[in-house]
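1. Okay, predicted coordinates and the sequence, questions at the end:
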Amino acid sequence: MKIDFQTETLANGLRVFYLPKQETNAVTVMFAFKVGSRYETAKQNGLSHFLEHMFFKGTEKRPNSQAISQVLDTLGAEFNAFTSEEVTAYYVSTDKANFNIAFDVLTDMLYHSKFEAEEIAKEKGVISEEIKMYADNPMSHIYEISKLLAYGDTPLGRDIAGTHASVNAFERQDFIDYLEKFYTPANTVVIIAGNGQVQDWQQAVAPLSELPAGATSQFEAQTKLTDELLRHSPKPIDQVHLDLIVPGLKRTDAAMPTLTILSNILGGTMSSRLFVEVREKAGLAYYVRSQIEDTHDIGILSLAAGVDPQKLPQAVLTIGKELDKLMSDPVAAEELSRAKQNIRGKMSLRLESSYALANYIASEAIAHDQIEQPDQWLAKLEAVTASEVQALAKKLLARGQRKLAMVGPVEPATLERLQQSLN
């Protein structure tokens with residue numbers, strides 16, 4: 001499984017990746033920037049995400065959001081943006097015949113947005129509602145509680161969207177200063193993937209070489225988790241959403257293929273250990289899953305489920321027992337093989353579209369100095385042994401390292417018992 005691409009670095013440091021894929025009729029243009037919420041100060045919390053919104057609010061050429069969206073909607077294009085802790089990206093996926101329009105709209109948005117004070121004021125209301133929406137959704141809110149439990153009041157622990165107070169305090173100059181500092185060619189990766197001619201794409205990209213270079217992004221490293229073991233957000237809902245978290249790995253750690261297998265075995269499929277034990281055998285939850293959350297220098301492994309408040313202790317105990325088993329008993333050869341096949345199959349499906357290819361390259365380019373091909377990573381995955389899985393389990397899953405985040409109604413006595421069990 002190999003992705004064919006060409007790459008060039010413009011004189012100002014902007015990196016471009018061309019991924020011709022003639023078997024599709026689609027093309028995706030993506031601009032990814034090496035900036036996200038972990039580059040923010042406490043006062044700037046939410047600014048990366050807010051700035052992402054403002055790029056859709058109008059340019060001199062397309063004076064408002066409708067003028068931007070109508071052009072792309074008319075093409076039947078898929079267009080959006082996302083902000084994470086370390087990356088902010090903007091993309092348009094469309095028919096190959098519309099490449100020039102898509103590229104023009106994206107560059108117009110990113111380099112000619114007006115950031116009108118009136119639009120900023122209106123968008124404060126939009127983002128405040130977005131914050132409320134996710135806070136009201138316990139399946140989303142639990143991950144914010146987990147981040148705070150894991151990382152504390154640091155850029156990695158704070159909500160990417162910010163707080164109502166931080167969002168409402170932003171002024172136009174805050175956006176301009178942040179844009180000038182972080183949206184530089186040295187922090188920019190452009191990916192064009194899909195059907196088209198590379199020389200045509202290069203012609204479109206060429207004017208970007210005239211942008212001033214600027215500096216690369218820097219952030220304060222975070223190398224350890226907090227000492228806090230339990231965090232609870234009470235809400236008057238019918239379930240308790242729990243997240244048992246343990247230390248993970250940084251994104252570039254050599255053991256990441258091993259952790260990927262460990263997570264898959266625990267809760268990555270409908271035949272995984274947690275799905276079978278927590279849902280199928282005990283009937284404790286509708287959803288239960290394992291998820292790796294990684295960054296440049298640190299990470300966590302998240303084990304989440306939604307359960308009846310009265311069955312919370314049983315659910316935590318059941319999940320804990322499965323962690324204990326992974327530490328004490330080697331994974332059987334057949335189970336290890338199934339996990340590897342599942343991960344390989346999911347990766348094949350995940351890289352089918354032009355957007356998926358662009359997103360993969362963007363992630364690799366921001367996280368690594370070189371692009372690791374899927375087949376290179378899969379070769380490392382295939383080489384993982386049962387003893388390596390067990391050794392990593394012993395390193396990461398030990399009882400003294402487990403933390404528990406919860407959203408929902410939990411009795412004080414239950415909280416105390418859970419706290420004691422974690423101690």
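-> Thanks, I have it. Numbering: from 1, shown residues only.
2. From now on I want contacts and neighbour counts done on CA atoms only, so please keep to that.
-> Will do.
3. May I see the buried residues of the longest helix anywhere in the chain?
-> In the chain, taking DSSP state H as the definition, the longest helix is helix 117-136. Burial within helix 117-136, assessed by neighbour count using 16 or more other C-alpha atoms under 10 Å, is assigned to 119, 120, 123, 124, 127, 128, 131.
4. can you tell me how far the third one sits from residue 115?
-> Translated: residue 123. As judged by C-alpha to C-alpha, to the nearest Å, residue 123 and residue 115 stand 11 Å apart.
5. Measure how buried the residue lying closest to residue 371 once chain neighbours are set aside is and give me the count.
-> Distance criterion C-alpha to C-alpha, 6 or more residues apart in numbering; nearest residue to residue 371, sequence neighbours excluded, is residue 364 at 5.5 Å. Residue neighbour count, defined by other C-alpha atoms under 10 Å, stands at 16 for residue 364.
6. do residue 282 as well
-> Around residue 282 there are 13 residues (other C-alpha under 10 Å).
7. That one: what's it in contact with?
-> Contact analysis of residue 282 by C-alpha atoms under 8 Å, 6 or more residues apart in numbering lists nothing.
8. rerun that using 10 Å as the cut-off
-> The neighbourhood of residue 282, defined by C-alpha atoms under 10 Å, 6 or more residues apart in numbering, consists of 275, 276, 314, 315, 318.
9. got it, and residue 90?
-> 29-33, 52, 55, 79-83, 106, 109-110, 190 are the contacts of residue 90 under C-alpha under 10 Å, 6+ apart.
10. Tell me the secondary structure of it, please.
-> Put simply, residue 90 is strand when judged by DSSP: H, G, I helix; E, B strand; the rest coil.
11. does the closest residue to it other than its chain neighbours sit in a helix, a strand or a coil?
-> Nearest residue to residue 90, sequence neighbours excluded (C-alpha to C-alpha, 6+ apart): residue 81, at 4.2 Å. Secondary structure assignment for residue 81 (three-state DSSP): strand.
12. Identify, from the contacts of residue 90, the entry nearest to residue 157.
-> Of all those, residue 83 has the smallest distance to residue 157: 14.9 Å, by C-alpha to C-alpha.
13. The residue nearest to residue 90 and residue 236, how far apart?
-> Applying C-alpha to C-alpha, the value for residue 81 to residue 236 is 33 Å.
14. So between those two, which is more surrounded?
-> Legend: neighbour count by other C-alpha under 10 Å for residue 81 and residue 236, higher for residue 81 (17 against 10).
15. Pull up the per-residue confidence for that one.
-> pLDDT, residue 81: 98.
16. Weed out the non-buried ones from the contacts of residue 90.
-> By neighbour count, with 16+ other C-alpha under 10 Å, those hold 29-33, 52, 55, 79, 81, 83, 106, 109-110, 190 as buried.
17. Would you mind measuring from the most centrally placed residue in the chain to residue 40?
-> In the chain, the residue lying closest to the centroid (C-alpha atoms, centre = their mean) is residue 84, at 5.4 Å. Per C-alpha to C-alpha, residue 84 is found 12 Å from residue 40.
18. In terms of helix, strand or coil, where does residue 141 fall?
-> Residue 141 - assigned by three-state DSSP - is helix.
19. pLDDT at it, what is it?
-> For residue 141, the model assigns a pLDDT of 97.
20. List the contacts of it.
-> Per C-alpha under 10 Å, 6+ apart, neighbours of residue 141: 131, 132, 133, 134, 135, 159, 233, 241, 406, 407.
21. cutoff 7 Å now
-> Residues in contact with residue 141 (C-alpha atoms under 7 Å, 6 or more residues apart in numbering) are 134, 135.
22. One more: the one 3 residues further on?
-> For residue 144, the set of contacting residues under the criterion of C-alpha under 7 Å, 6+ apart consists of residue 159.
23. quick one: pLDDT of it?
-> The model's pLDDT for residue 144 equals 97.
24. what do you get for residue 220?
-> 89.
25. can you count the residues close to it?
-> Residue 220 - counted by other C-alpha under 10 Å - has 10 other residues nearby.
26. which SS class is it?
-> Note that with three-state DSSP, the state of residue 220 is coil.
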